[in-house]
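Q: generate coordinates for the sequence data below:
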Amino acid sequence: MSRKDGLFAWGTLGALMLIWGSSFILIKRGLEHFDAVQVGLLRIIFAWMFLLPWALRRMRGLTRRQWMFLFLVGFVGSGLPSWLFPKAQTGIDSSLAGILNSLTPLFTTLIGVAVFKARPRVHQVLGVLIGLGGAVGLMSVSGGHTLEFNFRYAVYILVATFCYAINANLVKYALPDVRPVTITAIAFFLIGFPALGVLAGATDFPLVLKEEGIPWEGLGYVAILGVVGTGLALMFYNRLIHLTTPVFASSVTYLIPLVAVGWGIVDGEVFRASYIGWMLLILTGVALVNRKRPLWRPGTTDKGHRT
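A: Next comes the predicted model:
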């Protein structure tokens, strides 16, 4: 990877950290106006409308196999999680959601090894574990050690992180020759129409609009979530997967708690000195995941090169 690509990768990771780190509060605001199913469906529909012009221009030349995997990317990578996260946040706090979301890189590594025969290096696995530890520690101290665990709702986040892990590996290993913009646009093209049909015919959304009028504020929050936090962000995320590795790209979930702390400060919460240590631990884990060379060189290969 060139220096330019490296700068792009880290810059993209930082941008995704800010965008997805803010998604929890947007979901929370959306839930003040809609139920969990409606928030998820509206998020998909707004992303679908945003991406539709790209999708219409990029349909030619795709094989049947690619169409199949693109549907899986749309359904598993966005369709299910768009509903799972709002559903979870009706029963657990955002701190716990942040902790559980940090399981994504771990699941990504396990699926890559078990299904796609990926071979992560030792320092990358170590980075996954260190980053996870930093995320858990940060969310623990920022929550004042009062995190309420409700497995009935937490399991929704666990399923969502598993879906994200499958998605990252599909983009990297099943669709390596499809451009990231095409992956994102076609994936939402395939799930957007069904989402619109379900919202109009299988929920009380039309009745709510008829009786209470259009909740413009709620639609605004979900629109930002769908267009910026889903459609636009996934374009860059899929590009990041192709450019680096699924594990590095999914390590953005370790950085999300940093933004959550920032939102807390803006909202009047106290910043503790102990946050700094956990933040440094998270950044260390991310750096290890993206490190190209091992931390030590114990010997040489048969060709005389250092290992």
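Q: for the protein, what helix or strand is lowest in average pLDDT?
A: Taking mean pLDDT, DSSP states H and E as the measure, the chain has helix 94-101 as its least confident helix or strand, at a mean of 67.
Q: mind listing what's buried in the following helix or strand past that helix?
A: On the C-terminal side of helix 94-101, the nearest following helix or strand under DSSP states H and E is helix 104-114. When neighbours are counted by 16 or more other Cβ atoms under 10 Å, the buried residues of helix 104-114 are found to be 104, 105, 106, 107, 108, 109, 110, 111, 112. (Glycine included, C-beta is placed from N, CA and C.)
Q: ok, the first one - contacts?
A: Put plainly, it is residue 104. Contacts for residue 104 were tallied using Cβ atoms under 8 Å, 6 or more residues apart in numbering; they are 161, 164, 165, 168, 250, 253.
Q: give the contact list for the first one.
A: By Cβ under 8 Å, 6+ apart, the residues touching residue 161 are 100, 101, 103, 104, 107, 253.
Q: pull the distance from stretch 116-132 to the chain's centre.
A: 18 Å (Cα atoms, centre = their mean, to the nearest Å).
Q: as a whole number, average confidence for it?
A: Along stretch 116-132, the predicted confidence averages to a pLDDT of 77.
Q: now that stretch: buried residues?
A: Under the neighbour-count criterion of 16+ other Cβ under 10 Å, stretch 116-132 has 118, 120, 121, 123, 124, 125, 126, 127, 128, 130, 131, 132 buried.
Q: what's the most distant pair in these?
A: 118 and 130 (19.4 Å; Cβ to Cβ).
Q: name the element residue 4 belongs to?
A: When secondary structure is defined by DSSP H and E, residue 4 falls within helix 3-21.
Q: that helix - contacts with which helices or strands?
A: Contact analysis of helix 3-21 by 3 or more Cβ pairs under 8 Å, 6 or more residues apart in numbering; DSSP states H and E lists helix 233-243, helix 246-250, helix 252-266 as its packing neighbours.
Q: so which residues of the stretch 1-150 of the chain form helices?
A: Assigned helices in the stretch 1-150 of the chain, in chain order: 3-21, 23-30, 36-57, 64-74, 80-88, 94-101, 104-114, 122-142 (criterion: DSSP state H, counting those that start in this stretch).
Q: model confidence score at residue 55, please.
A: In this model, residue 55 is scored at 94, pLDDT.
Q: likewise residue 167?
A: According to the predicted model, the pLDDT of residue 167 comes to 92.
Q: how about residue 22?
A: 85.
Q: any idea how far it is from residue 262?
A: When Cβ to Cβ, to the nearest Å is the yardstick, residue 22 and residue 262 sit 9 Å from each other.
Q: how about residue 128?
A: As defined by Cβ to Cβ, residue 128 lies at a distance of 24 Å from residue 262.
Q: with residue 84 instead?
A: With distances taken as Cβ to Cβ, residue 84 is found 25 Å from residue 262.
Q: what's stretch 242-251 in contact with?
A: When contacts are taken as Cβ under 8 Å, 6+ apart, the neighbours of stretch 242-251 outside the stretch itself are 1, 5, 8-9, 13, 104-105, 108-109, 112, 118, 120, 124, 127-128, 131, 164-165, 168-169, 171-172, 176, 180, 237, 240-241, 285-286, 289-290.
Q: which one's more surrounded, residue 22 and residue 262?
A: Between residue 22 and residue 262, residue 22 has the larger neighbour count (other Cβ atoms under 10 Å), namely 19 against 15.
Q: name the helix or strand for the closest residue in space to residue 103 that isn't next to it in sequence, please.
A: Closest residue in space to residue 103, ignoring its immediate chain neighbours: residue 161 at 4.6 Å, by Cβ to Cβ, 6 or more residues apart in numbering. Element membership for residue 161, per DSSP H and E: helix 151-169.
Q: would you mark the buried spots in that helix?
A: Going by neighbour count (16+ other Cβ under 10 Å), the buried part of helix 151-169 is 153-154, 156-158, 160-169.
Q: go on, stretch 28-47?
A: Buried residues in stretch 28-47, counted by 16+ other Cβ under 10 Å: 29-31, 33-47.
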